[in-house]
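Asks: sequence plus predicted model, see below.
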Amino acid sequence: MKIYRKKTIQKLPISVSEAWDFLSDPGNLKTITPDYMGFKILEGHESKMYAGQIIKYTVTPVLGIRTGWVTEITHVEDQKYFVDEQRFGPYALWHHKHFIKEIKGGVEMIDIIDYKLPFGILGRLAHPILVKRKLNEIFTYRYNKLIELFGTYKKQ
């Protein structure tokens with residue numbers, strides 16, 4: 001069984017509360033997702049994140065194939081971190097941790113995603129050419145979008 005990990009780190013020149021207000025609002029997920037992904041929240045975005053919250057959406061991750069995705073917010077510590085886990089969707093496992101911490105001149109945000117692909121050997125073969133490349137593309141978009149929204153961090 002192969003479980004993959006993706007980790008990203010981004011620093012932004014904003015306060016922890018500004019970062020938390022943006023990231024803990026499920027409605028903002030669409031803002032930081034590329035338009036070509038066809039991301040649409042169906043349910044669960046009416047309030048700030050809380051443990052046990054179910055969020056339902058559709059997305060078109062690869063080859064124009066629309067799929068449903070359901071995640072649960074399993075852990076939340078206000079202004080520090082939250083975890084979302086896939087309950088239904090394209091992955092065999094999706095566990096995404098979001099950490100926010102104050103640093104001099106802003107915040108550091110760390111995302112750690114542990115994921116497993118379905119379809120056994122076929123999933124492992126598709127990983128480098130489809131899935132890993134697509135995840136890198138999505139997180140590069142997010143990185144750039146967050147800079148566009150909040151500015152570039154300058155080392156203090």
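Replies: Now that the structure is in, tell me what you want to look at.
Asks: count of neighbours near Ala19?
Replies: Counted by other Cβ atoms under 10 Å, the residues lying close to Ala19 total 23. Every C-beta, even on glycine, is put in place using the N, C-alpha and C of the backbone.
Asks: got the contact list for the nearest residue to it once chain neighbours are set aside?
Replies: Among residues not flanking Ala19 along the chain, Val107 sits closest, at 4.6 Å (Cβ to Cβ, 6 or more residues apart in numbering). Applying Cβ atoms under 8 Å, 6 or more residues apart in numbering to Val107 gives the contacts 11-12, 14-16, 18-19, 100-101.
Asks: now with 10 Å, please.
Replies: 10-20, 23, 79, 99-101, 150, 153 (Cβ atoms under 10 Å, 6 or more residues apart in numbering).
Asks: and it, what are its bridge partners?
Replies: Residues in a beta bridge with Val107, per DSSP bridges, are Leu12, Glu102.
Asks: how near is it to Tyr81?
Replies: Val107 sits at a distance of 12 Å from Tyr81 (criterion: Cβ to Cβ, to the nearest Å).
Asks: find residues that contact each of these two.
Replies: The contact lists of Val107 and Tyr81 share 20, 23, 99-101, where a contact means Cβ under 10 Å, 6+ apart.
Asks: pick out the most distant pair among these.
Replies: Leu23 and Lys101 (12.6 Å; Cβ to Cβ).
Asks: higher neighbour count, the two?
Replies: Neighbours per residue, other Cβ under 10 Å: of Leu23 and Lys101, the larger number sits with Leu23, 21 against 13.
Asks: ok, the closest residue to Ile110 other than its chain neighbours - how many residues close by?
Replies: In space, and not counting its chain neighbours, Ile110 is closest to Phe99: 4.3 Å by Cβ to Cβ, 6+ apart. The tally of other residues near Phe99 (other Cβ under 10 Å) stands at 16.
Asks: which residues touch Phe99?
Replies: 9, 77, 80-83, 107-112.
Asks: just give me the closest of those to Tyr50.
Replies: For the contacts of Phe99, the nearest to Tyr50 is Phe82 (9.1 Å; Cβ to Cβ).
Asks: give the contact list for that closest one.
Replies: Phe82 sits next to 20, 23-24, 49-51, 53, 73-76, 96-100 when contact means Cβ under 10 Å, 6+ apart.
Asks: fine by me, thanks again.
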